[in-house]
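*Asks:* predicted coordinates and the sequence they were generated for:
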Amino acid sequence: AQKITQTQPGMFVQEKEAVTLDCTYDTSDQSYGLFWYKQPSSGEMIFLIYQGSYDEQNATEGRYSLNFQKARKSANLVISASQLGDSAMYFCAMREAYSSASKIIFGSGTRLSIRP
Amino acid sequence: AAGVIQSPRHLIKEKRETATLKCYPIPRHDTVYWYQQGPGQDPQFLISFYEKMQSDKGSIPDRFSAQQFSDYHSELNMSSLELGDSALYFCASSPGQGRETQYFGPGTRLLVL
């Protein structure tokens, strides 16, 4: 069965520092997609970044980058120069093998708090 | 850019009542997903539709049903509501057959009293 593990329930980081949120996954599929979503206290689920299992380059989106280590089955999110607005819950997620309307499974999340 | 629209944003119901949640996907997105997020939990997949046909089914109670209409909007119907149904219900949409990123709506917060 596919599974996403986020081992950091909560993290505190000083503003302007870089932060790495850990994510490991388990799947027997060769084709899969990995996502990071941000959920602020207001509740919405905001897409941040995507990495396909066959992508050779690590994905980057502005201050977000995904450190994809396929052999280790890890997909850590790196946020550079953190800002107060980055305080939120962050979910790592995986889409099952490509099929019609593949569902996403989520990890338990990491609550990130940025200190001024 | 247009986002996924969900209505209502907040809903309060009594036990045993029914509720209907609506979702309007991003234009040209033909795939819709429903997720349920209980307090302090991660979102759990309920059901998905591609081109108006049910595509995948997760942990959706038999009391719940959903459909996707010709204009691609979707409705989640919930009957005989229970206290445990109180949650944040997300709709997400994607173009194509699930190979793309799923973009989530703002959610409908349902409270069952």
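*Replies:* Nice, I can see it. Everything numeric here is computed off the predicted structure, so don't read it as measured data. Numbers count the residues shown, from 1 in each chain, chains lettered A, B, ... in the order given.
*Asks:* what does chain A have sitting close to chain B?
*Replies:* Contact residues, chain A versus chain B (CB under 8 Å from any CB of the partner chain): A:33, A:35, A:37, A:43-47, A:50, A:91, A:95, A:98-109. From N, CA and C alone the C-beta is placed, and that goes for glycine too.
*Asks:* and B:Ile12, what helix or strand is that in?
*Replies:* Using DSSP states H and E, B:Ile12 falls within strand B:10-13.
*Asks:* and the helix or strand just after that strand, which strands flank it?
*Replies:* Sequence-wise, the next helix or strand downstream of strand B:10-13 (DSSP H and E) is strand B:19-24. Paired neighbours of strand B:19-24 in the sheet (DSSP bridges): strand B:5-7 (antiparallel), strand B:74-78 (antiparallel).
*Asks:* could you check the pLDDT of residue 37?
*Replies:* Using chain A. According to the predicted model, the pLDDT of A:Tyr37 comes to 97.
*Asks:* my bad, the chain I had in mind was chain B
*Replies:* We have a pLDDT of 97 for B:Gln37.
*Asks:* now do it against chain A, distance only.
*Replies:* 8 Å (CB to the nearest CB, to the nearest Å).
*Asks:* next up, the contacts around A:Ala75.
*Replies:* A:23-25, A:34, A:36, A:51, A:66-69, A:92 (CB atoms under 8 Å, 6 or more residues apart in numbering or on different chains).
*Asks:* identify the farthest-apart pair in these.
*Replies:* Spanning the widest gap among the contacts of A:Ala75 are A:Trp36 and A:Gln69, at 15.0 Å by CB to CB.
*Asks:* those two - which one has more neighbours?
*Replies:* Neighbours per residue (other CB atoms under 10 Å in any protein chain shown) separate A:Trp36 from A:Gln69, with A:Trp36 holding more: 25 against 11.
*Asks:* and the more buried one, what are its bridge partners?
*Replies:* A:Ile49, A:Cys92.
*Asks:* please apply the same query to B:Leu76.
*Replies:* Applying DSSP bridges, one finds that B:Leu76 bridges with B:Leu21, B:Ala66.
*Asks:* so who does it touch?
*Replies:* B:Leu76 neighbours (CB under 8 Å, 6+ apart): B:20-21, B:23, B:34, B:46-47, B:64-66, B:89, B:91.
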